[in-house]
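> Need a 3D model of the sequence below.
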Amino acid sequence: MAAATKNSSTTAKTAKARKATRRTGRRDPLAIRLLKQDHREVEKMFDEYEQLESNSEKQELFNQIALALKVHTQIEEEILYPEERGDVEDDLIDEAYVEHDGAKKLIAEIEAMKPGQEFYDAKVKVLGEYIKHHVKEEEQPGGFFAQAKRGDEDLDAMGERLKARKEELMAKMGAKAH
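Numbering: from 1, shown residues only. Here you go, the predicted structure:
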């Protein structure tokens, strides 16, 4: 057994990779990996927000959350959703657009407020819960990503387009935010 001769660190990494991709038997394509990475980063930011007490820190972190979500929703709407029409159930795509619209409206409401105002923290919390629900629907077995992986699209090539567009939008929107 070749695996038995590898050092324990490599074996642990291999086992972890196998566990993470068990359903497909291979690593997720680039598009899915990038989008899941965005999901984990935003989830982490929402968790960090819950620990903050300073209004200035809350404002700064929410600005990062808003930027990340705006860029993520835009690249999904410009690239992923249109290109997956036909590979992913229409209902899932339509629901994803509607969920994005709801998130954008809530982000705009929060951006019009200041930390410390009534319902500010509650709205950020609800936005986090809303995003977690959306992520679950995209990532669950049989969900958006699973259907996309079974489709005909080259998700590695799409990943390159998503990555380039994300970098472009982060530079453009990030500069506006400062």
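> Identify each buried residue in stretch 59-68, please.
61-62, 64-68 (16 or more other C-beta atoms under 10 Å). (Each C-beta comes from the backbone N, C-alpha and C, glycine too.)
> what's the closest of those residues to residue 36?
Using C-beta to C-beta, residue 68 comes nearest to residue 36 of these, at 13.6 Å.
> Sketch out the helices for the chain, chain order is fine.
Ranges of helices within the chain are 2-5, 8-20, 30-51, 55-75, 81-84, 90-111, 120-139, 144-150, 155-177, based on DSSP state H.
> residue closest to the middle of the protein?
By C-alpha atoms, centre = their mean, the chain has its centre lying nearest to residue 39, at 2.9 Å.
> circling back to that earlier point, can you lay out the helices of the chain as a markdown table showing mean pLDDT?
Output for these, formatted as a markdown table (pLDDT from 0 to 100):
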| stretch | mean pLDDT |
| --- | --- |
| helix 2-5 | 43 |
| helix 8-20 | 42 |
| helix 30-51 | 97 |
| helix 55-75 | 98 |
| helix 81-84 | 96 |
| helix 90-111 | 97 |
| helix 120-139 | 97 |
| helix 144-150 | 96 |
| helix 155-177 | 92 |
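> quick revisit: separation between the residue nearest to the centre of the chain and residue 112?
Note on residue 39: its distance to residue 112, by C-beta to C-beta, to the nearest Å, is 26 Å.
> And residue 151, by the same measure?
Relative to residue 112, residue 151 is positioned 39 Å away (C-beta to C-beta).
> More neighbours: which of these two?
Neighbour count, other C-beta atoms under 10 Å: between residue 151 and residue 112, residue 151 has more, with 15 against 8.
> and the closest residue in space to that one that isn't next to it in sequence, what does it touch?
Nearest residue to residue 151, sequence neighbours excluded (C-beta to C-beta, 6 or more residues apart in numbering): residue 87, at 2.6 Å. With contacts defined as C-beta atoms under 8 Å, 6 or more residues apart in numbering, residue 87 is in contact with 147-148, 150-153.
> phi, psi of residue 87?
Torsion angles at residue 87 (phi, psi; degrees, to the nearest 10) stand at phi -100, psi -30.
> can you check residue 141 too?
phi -60, psi 130.
> what about it, how many residues close to it?
Residue 141 has 7 neighbours, counted by other C-beta under 10 Å.
> any idea how far it is from residue 62?
Distance from residue 141 to residue 62, by C-beta to C-beta: 32 Å.
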